[in-house]
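Student: The amino acid sequence is not available; the structure is as follows:
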């Protein structure tokens, strides 16, 4: 998961996306790609938390 998220961040940067990319955790909080890569289990079931 970490390598995938880092690749996503690199592709976004390469394509000119220079804003913060935030992901939603299962608790409904937003985290950076670095935090999500360090704690991927926090993304499990993030869909139901997001609505």
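Tutor: Yep, that arrived. As the structure is a prediction and not an experimental result, all values here were calculated from the model.
Student: So the nearest residue to residue 40 once chain neighbours are set aside versus residue 19, what's the distance?
Tutor: Beyond its immediate neighbours in the sequence, the residue positioned closest to residue 40 (CB to CB, 6 or more residues apart in numbering) is residue 1, lying 4.0 Å away. Where you see a C-beta, it was placed from the backbone N, CA and C, and this is true even at glycine. Spatial separation of residue 1 from residue 19 under the definition CB to CB, to the nearest Å is 22 Å.
Student: okay, these two: which has more neighbours?
Tutor: Neighbour tally, residue 1 and residue 19, criterion other CB atoms under 10 Å: the higher count belongs to residue 1, 11 against 6.
Student: Roughly how far does the residue nearest to residue 40 sit from residue 16?
Tutor: Counting by CB to CB, the gap between residue 1 and residue 16 amounts to 25 Å.
Student: if we can go back for a sec, correct me if wrong: the residue nearest to residue 40 contacts residue 41.
Tutor: No: at 9.1 Å, residue 1 and residue 41 do not qualify as touching, with contact defined as CB atoms under 8 Å.
Student: what's residue 33 in contact with, if anything?
Tutor: 5, 6, 8, 9, 21, 23 (CB atoms under 8 Å, 6 or more residues apart in numbering).
Student: What is the nearest of those to residue 35?
Tutor: When the contacts of residue 33 are ranked by distance to residue 35 (CB to CB), residue 23 comes first, at 8.4 Å.
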